[in-house]
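In: Show me the folded form of this:
(2 chains)
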Amino acid sequence: MSWHTGTNDSDRGSATEPNVRQEVTYNSSLENAMQRLLVLGGGTAGTMVVSKLRRKLDPADWQITIIDQDDKHLYQPGFLFIPFGVYEPADVVRSRHTFIPDRVELVLGEIDRVDADASQVHLADGRQLGYDYLVIATGTTPRPDQTPGMLGPQWRTSIFDFYSLDGATALAGALAKFDGGRVVVHVTDMPIKCPVAPLEFTFLAEAYFRRRGMRDRVELTYATPLPGAFTKPIASRQLGAMLDERKIAVESDFMVERIDADKKALISYDEREIPFDLLVTVPLNMGAEFIARSGLGDEFNYVPADKHTLLSKAHDNIFAVGDASDIPTSKAGSVAHFGVDVFIGNFCQHVAGQPMTGKFDGHANCFIESGDGKGLLIDFNYDTEPLTGSYPVPVLGPFGLLKENTRNHWGKLAFRWMYWHMLLPGWPMPLPAHMSMAGKHQPEQAGAAATRGQ
Amino acid sequence: MTVTTIGTSHVHVDAEGFLTDYAEWSEDLARQLAAQIGIELTDAHFTVLRFLRSDYAEQGQTATLRRIYSQAGIPIKELFTLFPGKPAKKMAYIAGLPKPVGCV
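Out: Presented below is the predicted three-dimensional model:
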């Protein structure tokens, strides 16, 4: 599972905690001299932005404020392991404010809307915050309400998600009690955050049922709107073969229209039905609702942004980082990390009135758990699909690309420590922002025969 | 990128047969592209295709099924009826636009 950015459930009401500063007070004599940077969302991307920019921007000139709805920072890549009892909920939650550097104001509150023309953010409780520059980092959120029947009587009874802490925890209980039948792992529509996570869940579930000696009583199906296991051909072939080996059926090009809770079946737009006893679904992912209310989003509430600079296409003083933008790459923490690395330099140039020279390449890098203590690694960008080969990392590596081994599994588990201690505080990591071809096998050019429109 | 002949037109296409030059498309060509994948175009098809073409001109990318629904009001179910099986890919093919971005 790659790791995610942004806040989860970003539109729910705020849960305030007493030890966090609530009020923002501007010193009026300084206000005109100070530039104000406002960051919306204290998830992976937003936290990295304030950690890095606080070191770059002179506190005498720049006031930095970050807004989130609550004081809980969730390590979302860890959600995958909760249903199988590998992690407990406490393993994936820390206080958000501990990752916010000194001289950055953390404001807790629900965002109502951004008035981009007036450069103001309105909170639901009536507070208003002005800005000179705005960074939107409110991520993407699973929306079970968008599929008819999903939130019906079977929700959290036989229908679960694992992209929320509540869902992953509830699913752990359901799996422990499950004694056989049809298990369907399902993706509603693309894009979703961490697009490999549903495959990882499927591999881990297969290993889990085998370990419990009940694999023969479980029929496993992977239902996806994609034409195969994954989006890009080489990875799709490799991961598809792994599903085959594990006797997991794939229902491809499956776009769910609704869930029939009485029949316990997924129904697609082209009227296919997939019955289930236990459904593990990835609901439609959408950006935060305030983005729609502010007129800043596309049909999924993502902010249209330049894919190389992350500057909003509509406003010269707004950037969108991490999952909140519409750039055509994975919604994942690794992308947020590499994107933020490029953004920092660009931001400093932009506010100085210089042209932005950093060009983000859409770099993503994800460990994929495959069960039985093994994993794979994929590394790709806008132009290069995931390839086989090896991925060099000083000391820890090399890691095998698109190849199952135990080192990739341990790499993934070790990442949690790096996330809390290196990534969020914005310390340099041994992972370059731009993708490198070092160690990768070039795909064969032959065999790319034309297949028309099918 | 190669040049191929569809009906009487010479057009540039990618490895999968998708047109690569926005300007080479016409409604006549669309009928011929549709015929290649077994679809006979009606007014309802053209409503979708015209929306896709104009939206692409503004946005620079091929609209998703959800965007067609939210912007043009055409239900996703209807898109599956008009372009059975893989509507997003088939619509892009017939509209002479790039295959929708398979977000990874």
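In: how deep is A:Glu105 tucked in, by neighbour count?
Out: A:Glu105: 18 surrounding residues under other Cβ atoms under 10 Å in any protein chain shown. In short, each C-beta sits where N, CA and C put it, glycine included.
In: So it lies in a strand, does it not?
Out: Yes. Counting by DSSP: H, G, I helix; E, B strand; the rest coil, A:Glu105 is found in a strand.
In: Not counting its neighbours along the chain, what's nearest it?
Out: Closest residue to A:Glu105 apart from its sequence neighbours, by Cβ to Cβ, 6 or more residues apart in numbering or on different chains: A:Thr65 at 4.3 Å.
In: Please identify the helix or strand for the one you found.
Out: According to DSSP states H and E, A:Thr65 maps onto strand A:62-68.
In: Run me through the strand neighbours of that strand, direction for each.
Out: Under the criterion DSSP bridges, strand A:62-68 sits next to strand A:35-40 (parallel), strand A:104-108 (parallel) in its sheet.
In: residues in contact with the closest residue in space to A:Arg407 that isn't next to it in sequence?
Out: Among residues not flanking A:Arg407 along the chain, A:Phe399 sits closest, at 6.2 Å (Cβ to Cβ, 6+ apart). Neighbouring residues of A:Phe399 by Cβ atoms under 8 Å, 6 or more residues apart in numbering or on different chains: A:Leu377, A:Ser390, A:Tyr391, A:Val393, A:Arg407, A:Asn408, A:Gly411.
In: May I ask which of the residues you listed comes out lowest in pLDDT?
Out: pLDDT across the contacts of A:Phe399 is lowest for A:Val393, at 83.
In: Counting neighbours, what do you get for the residue nearest to that one when sequence neighbours are not counted?
Out: The shortest distance from A:Val393 to any non-neighbouring residue, by Cβ to Cβ, 6+ apart, is to A:Pro430 (5.7 Å). By other Cβ under 10 Å, 12 other residues sit near A:Pro430.
In: next one: B:Ser26
Out: With neighbours defined by other Cβ under 10 Å, the count for B:Ser26 comes to 12.
In: and it, backbone torsions?
Out: phi -150, psi 170 (degrees, to the nearest 10).
In: go on, A:Gly152?
Out: Here is the backbone geometry of A:Gly152 (degrees, to the nearest 10): phi -80, psi -160.
In: you'd agree it is up against A:Lys263?
Out: No. Counting by Cβ atoms under 8 Å, A:Gly152 stays clear of A:Lys263, with 11.6 Å between them.
In: Setting aside sequence neighbours, what's the nearest residue to A:Gly295?
Out: Nearest non-adjacent residue to A:Gly295, counting by Cβ to Cβ, 6+ apart: A:Ala116, 7.8 Å away.
In: Give me the helices and strands touching the helix or strand of chain B with the lowest mean pLDDT, please.
Out: Scoring the helices and strands of chain B by mean pLDDT, DSSP states H and E places strand B:2-6 at the bottom, with a mean of 85. Strand B:2-6 is packed against strand B:9-13, helix B:27-36, with contacts defined by 3 or more Cβ pairs under 8 Å, 6 or more residues apart in numbering or on different chains; DSSP states H and E.
In: got a list of contacts for it?
Out: Strand B:2-6 has contacts (Cβ under 8 Å, 6+ apart) with B:His10, B:Val11, B:His12, B:Val13, B:Gly17, B:Leu29, B:Gln32, B:Leu33, B:Gln36.
In: If you go by neighbour count, which of the residues you listed are buried?
Out: Burial by neighbour count, judged by 16 or more other Cβ atoms under 10 Å in any protein chain shown, picks out B:Val11, B:Val13, B:Gly17, B:Leu29, B:Gln32, B:Leu33 from those.
In: Same list, those, but only the ones touching chain A.
Out: Residues of these in contact with chain A (Cβ under 8 Å from any Cβ of the partner chain): B:Val13, B:Gly17, B:Leu33.
In: quick one on the thing from earlier: could you dump the helices and strands packed on strand B:2-6 to JSON lines with mean pLDDT?
Out: Compiled in JSON lines, the helices and strands packed on strand B:2-6 are given as follows (pLDDT from 0 to 100):
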{"stretch": "strand B:9-13", "mean pLDDT": "88"}
{"stretch": "helix B:27-36", "mean pLDDT": "95"}
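In: could you dump those to a markdown table with distance to A:Arg55?
Out: Output for those, formatted as a markdown table (distance: least, Cβ to Cβ, whole Å):
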| stretch | distance to A:Arg55 |
| --- | --- |
| strand B:9-13 | 49 |
| helix B:27-36 | 55 |
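In: more neighbours, A:Gly152 and A:Lys263?
Out: Counted by other Cβ under 10 Å, A:Gly152 and A:Lys263 do not tie: A:Gly152 has more neighbours, with 15 against 12.
In: So in the chain, which helix runs the longest?
Out: No chain specified, so I'll use chain A. Longest helix in chain A, counting residues (DSSP state H): helix A:333-351.
In: look at chain B instead
Out: Ranked by residue count and defined by DSSP H, the top helix of chain B is helix B:43-59.
In: My guess is A:Ile192 contacts A:Met286. True?
Out: No. A:Ile192 lies out of contact with A:Met286 (Cβ under 8 Å); the separation is 10.3 Å.
In: Give me the common contacts of the two.
Out: By Cβ under 8 Å, 6+ apart, A:Ile192 and A:Met286 have these common neighbours: A:Thr140.
In: Give me every residue in chain B lying close to chain A.
Out: Residues of chain B lying close to chain A by Cβ under 8 Å from any Cβ are B:13, B:15-18, B:33, B:36-37, B:61, B:64-67, B:70-71, B:76-77, B:79-80, B:84-86, B:89-90, B:93-94, B:101-104.
In: which of these count as buried?
Out: Among these, those buried by neighbour count (16+ other Cβ under 10 Å) are B:13, B:17-18, B:33, B:37, B:61, B:64-67, B:76, B:79-80, B:86, B:89-90, B:93-94, B:101-104.
In: Filter those down to the ones in helices?
Out: Per DSSP H, helices hold the following members of those: B:Leu33, B:Leu65, B:Arg66, B:Arg67, B:Ile76, B:Leu79, B:Phe80, B:Lys89, B:Lys90, B:Tyr93, B:Ile94.
In: ok, those vs A:Val93, which is closest?
Out: Nearest to A:Val93, judged by Cβ to Cβ, of those is B:Arg66 at 32.3 Å.
In: residues contacting the closest residue in space to the closest one that isn't next to it in sequence?
Out: Spatial nearest neighbour of B:Arg66, excluding adjacent residues (Cβ to Cβ, 6+ apart): A:Glu299 at 5.2 Å. A:Glu299 makes contacts with B:Thr64, B:Arg66, B:Arg67, B:Ser70, B:Gln71, as judged by Cβ under 8 Å, 6+ apart.
In: ok, now A:Ala176?
Out: Counting by Cβ under 8 Å, 6+ apart, A:Ala176 makes contact with A:Gly85.
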